[in-house]
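Peer 1: Structure, please.
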Amino acid sequence: MTTRLVVLVSGAGTNLQALIDACADPAYGARVVAVGADRDDIEALARADRHGIPSFVKQVSQFSSREHWDRALADTVAGFEPDLVVSAGFMKLVSEDFLARHTTVNTHPALLPSFPGMHGAADALAYGVKVTGATLFIVDGGVDTGPIVAQTVVPVIDDDTVETLHERIKIAERTMLVDTVGLMARDGWELDGRRVRLG
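Peer 2: Numbering: from 1, shown residues only. Here you go, the predicted structure:
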């Protein structure tokens, strides 16, 4: 059985591309069956199109309320029957109703629970930590509070800027995302309290 992935995007889609490339190998164990976005005319949608992957756009402004948008997004995702939803640079929060229907993973550019929120790399640099990194977690109703699936460590160099640190984190984050989603697809996973066990 191949694990069916729906990937949600908002921008360039570099993590999406990494997943598409990995899925090209049948041994990876997963397939991107659809790409969803919250806005038109982004490179991530062009990537999906070039690979013949169905895509859809659900803009919040198209709906009468945030709840209506969330329900429409959940319904559209459900139509592709995913085993796992991957938030890959998707810049919208989804509701607990969405998450009850679709197990969703997301990445964060810090070692959670440290430095949650929008500025993980900047916050780590400002705090003066010697290592930071990236976290893959199961999305829950909080902000970057879900059970941790995987983490990868990135050293902080003395002359790092937010830009140089964030760029190194993104490279490590992409590798972690692809490797861990592949493990989840091939070997399965289970949630025991807050502990995620792979295999």
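Peer 1: Let me see the backbone angles for Glu190.
Peer 2: Note on Glu190: backbone dihedrals following degrees, to the nearest 10 are phi -140, psi 150.
Peer 1: Determine how far the helix or strand containing Arg4 lies from the middle of the whole chain.
Peer 2: Assigned by DSSP states H and E, Arg4 belongs to strand 3-9. In terms of C-alpha atoms, centre = their mean, to the nearest Å, the centre of strand 3-9 is found 9 Å from the chain centre.
Peer 1: same deal with stretch 97-111?
Peer 2: Relative to its chain's centre, stretch 97-111 lies at 7 Å (C-alpha atoms, centre = their mean).
Peer 1: Take that stretch, keep the C-alpha atoms, and write them as PDB.
Peer 2: Provided in PDB are the C-alpha atoms of stretch 97-111 (Å, rounded to 0.1, in the frame of the first residue of the first chain):
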ATOM      1  CA  ASP A  97     -12.500  20.000  13.100                       C
ATOM      2  CA  PHE A  98     -10.100  19.800  10.100                       C
ATOM      3  CA  LEU A  99      -7.500  18.100  12.300                       C
ATOM      4  CA  ALA A 100     -10.100  15.600  13.600                       C
ATOM      5  CA  ARG A 101     -10.700  14.500   9.900                       C
ATOM      6  CA  HIS A 102      -7.100  14.700   8.600                       C
ATOM      7  CA  THR A 103      -3.900  13.800  10.400                       C
ATOM      8  CA  THR A 104      -1.600  16.700   9.500                       C
ATOM      9  CA  VAL A 105       2.100  17.200  10.000                       C
ATOM     10  CA  ASN A 106       4.000  20.400   9.900                       C
ATOM     11  CA  THR A 107       7.600  21.600  10.200                       C
ATOM     12  CA  HIS A 108       8.900  24.400  12.400                       C
ATOM     13  CA  PRO A 109      12.400  26.100  12.200                       C
ATOM     14  CA  ALA A 110      13.400  25.500  15.800                       C
ATOM     15  CA  LEU A 111      13.700  22.700  18.400                       C
END
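Peer 1: coming back round to it: ok, residues contacting the strand holding Arg4?
Peer 2: 15-16, 19, 23, 29-38, 42, 44-45, 77, 80-90, 102, 104, 181, 184-185 (C-beta atoms under 8 Å, 6 or more residues apart in numbering). C-betas here are computed from N, CA, C, even on glycine.
Peer 1: what pairs with that strand, and is each one parallel or antiparallel?
Peer 2: strand 30-37 (parallel), strand 84-87 (parallel) (DSSP bridges).
Peer 1: What residues of the longest helix along the chain count as buried?
Peer 2: Ordering each helix of the chain by length in residues (DSSP state H) puts helix 162-187 first. Using 16 or more other C-beta atoms under 10 Å as the test for burial, helix 162-187 gives 165-166, 168-170, 172-174, 176-178, 180-185.
Peer 1: What of stretch 25-42?
Peer 2: 28-39, 42.
Peer 1: Report the two of those separated the most.
Peer 2: The span of the buried residues of stretch 25-42, defined through C-beta to C-beta, is set by Gly29 and Arg39 at 30.5 Å.
Peer 1: residue contacts, Arg195?
Peer 2: Pro147.
Peer 1: Perfect, I'm done here.
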